[in-house]
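Asker: what's the 3D shape of this:
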Amino acid sequence: MAIGLPRWKFKQSTSKWMRMVVLFTVVSVLGFEACIDETATLFPAMHFALFAIVSLALTDNIQEHYFTFVTEYTQAIRLVTIFLTGASFLVWIVTTIQRIQTLPYVQ
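Answerer: Residues are numbered from 1 along each chain as shown. Modelled structure (predicted):
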């Protein structure tokens with residue numbers, strides 16, 4: 001068990017619900033980018049998807065089962081990927097808003 005870092009002991013249903021919400025968000029963002037086909041916002045969306053998948057994969061059960069002796073390091077990696085997921089999502093939102101604001105008006 002990690003000594004220096006916080007452990008999240010969510011219920012199985014809560015953890016599953018959070019994973020489903022994040023995966024739905026990832027699929028929605030990537031689907032939006034596939035329909036719009038704009039490279040300016042595609043890179044933040046890909047970074048968001050990459051970090052979200054990594055942070056979702058490192059659950060407490062996975063850490064305890066596969067990374068028993070380095071649990072504190074995997075918890076640190078999980079915290080960093082959660083932070084980078086949020087940062088990438090914010091960058092994607094800002095670039096998408098800027099792109100929508102600079103669209104030419106159709107008259």
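Asker: element containing the closest residue to residue 67 other than its chain neighbours?
Answerer: Excluding the flanking residues, the one nearest residue 67 by C-beta to C-beta, 6 or more residues apart in numbering is residue 74, at 4.5 Å. Glycine gets a C-beta too; all of them are placed from N, C-alpha and C. Taking DSSP states H and E as the criterion, residue 74 maps to helix 71-101.
Asker: Ranking helices and strands of the chain by mean pLDDT, which lands last?
Answerer: Of all helical and strand segments in the chain, the minimum by mean pLDDT, DSSP states H and E falls on helix 60-66, at a mean of 76.
Asker: in that helix, what's buried?
Answerer: residue 63 (16 or more other C-beta atoms under 10 Å).
Asker: follow-up on the earlier one: in contact with the residue nearest to residue 67, which residues?
Answerer: 58, 63, 67 (C-beta atoms under 8 Å, 6 or more residues apart in numbering).
Asker: how many neighbours does residue 15 have?
Answerer: Residue 15 has 16 neighbours, counted by other C-beta atoms under 10 Å.
Asker: Same check on residue 93?
Answerer: The burial count for residue 93: 14, using other C-beta under 10 Å.
Asker: where in the chain is pLDDT low?
Answerer: Counting by pLDDT under 70, the chain has low-confidence residues at 1-10, 12, 105-107.
Asker: sec struct for residue 69, please.
Answerer: The three-state label given to residue 69 by DSSP: H, G, I helix; E, B strand; the rest coil is coil.
Asker: How many neighbouring residues does it have?
Answerer: Neighbours of residue 69 (other C-beta under 10 Å): 6.
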